[in-house]
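Chemist: requesting a structural model of the entry that follows:
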Amino acid sequence: MVDEVLIQRMCSDIRTNVQLLKDAVDITWDVYCRDPRSRRFVERTLHILVEACIDIAHHIISDENFEEPGSYSEAFQILADHGVLPRDEVAVYERMARFRNLIVHYYEKVDDAVVYGVFRNHLEDFERYVKHVLNFVETARSSRHR
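Modeler: Below you'll find the predicted structure:
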């Protein structure tokens with residue numbers, strides 16, 4: 001059974017961090033490129049968001065005794081296989097996992113345009129993820145109380 005309080009807290013943290021990024025309207029492309037503090041804020045906050053999504057996936061997988069993922073990307077596939085996430089959105093979350101690996105491990109120099117693009121164009125992906133997770137938690141709770 002999913003730890004609802006933990007999942008809700010993590011989802012709340014995601015929403016808070018998404019809002020922090022949305023509120024950072026002063027970080028334009030020019031500012032992002034020339035100000036290391038702004039760049040670090042965006043990168044680190046996105047990293048925290050992706051890690052939270054991965055952590056939620058792993059908690060659900062563990063609590064529900066779903067099959068063990070072999071990678072972060074596979075965790076999102078498993079959630080889709082069990083109806084937590086829509087199958088047509090899995091690629092979005094798999095890209096999150098690859099993005100996380102890039103910014104954490106610096107396999108190559110992080111492409112500022114990619115990070116800034118996620119910052120400006122993909123925050124709704126995190127919001128959608130939270131919505132799917134909370135819908136799953138609510139559905140699980142409702143089915144237990146029948």
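
Chemist: which intervals of the protein have sub-threshold pLDDT?
Modeler: By pLDDT under 70, the low-scoring segments of the chain are 107-108, 144-146.

Chemist: where is the longest helix in it?
Modeler: Secondary structure of the chain read by DSSP state H shows that its longest helix is helix 36-63.

Chemist: angle of the helix or strand just after it against helix 36-63?
Modeler: For helix 36-63, the succeeding helix or strand toward the C-terminus, using DSSP states H and E, is helix 72-81. Relative orientation of helix 72-81 versus helix 36-63 (axes from the mean of the first three to the mean of the last three C-alpha atoms, to 10 degrees): 50 degrees.

Chemist: relative to the whole chain's centre, how far out is helix 72-81?
Modeler: Chain-centre distance of helix 72-81: 12 Å, with C-alpha atoms, centre = their mean, to the nearest Å.

Chemist: which other helices and strands contact it?
Modeler: Applying 3 or more C-beta pairs under 8 Å, 6 or more residues apart in numbering; DSSP states H and E, one finds that helix 72-81 contacts helix 36-63, helix 90-105. The way it works is simple: take the backbone N, C-alpha and C, and place the C-beta from them, glycine included.

Chemist: buried ones in it?
Modeler: Applying a neighbour-count criterion of 16 or more other C-beta atoms under 10 Å, one finds Tyr72, Ser73, Glu74, Ala75, Phe76, Gln77, Ile78, Leu79, Ala80 buried in helix 72-81.

Chemist: from those residues, which two are the most distant?
Modeler: Spanning the widest gap among the buried residues of helix 72-81 are Tyr72 and Ala80, at 13.9 Å by C-beta to C-beta.

Chemist: what's near enough to touch Asp81?
Modeler: Listed by C-beta atoms under 8 Å, 6 or more residues apart in numbering, the contact set of Asp81 reads Phe66.

Chemist: what's the spacing between it and Val104?
Modeler: According to C-beta to C-beta, to the nearest Å, Asp81 stands 26 Å off from Val104.

Chemist: same deal with Arg9?
Modeler: In terms of C-beta to C-beta, Arg9 sits 23 Å off from Val104.

Chemist: with Arg44 instead?
Modeler: Taken as C-beta to C-beta, the span from Arg44 to Val104 is 10 Å.

Chemist: same check on His122?
Modeler: Distance from His122 to Val104, counting by C-beta to C-beta: 18 Å.
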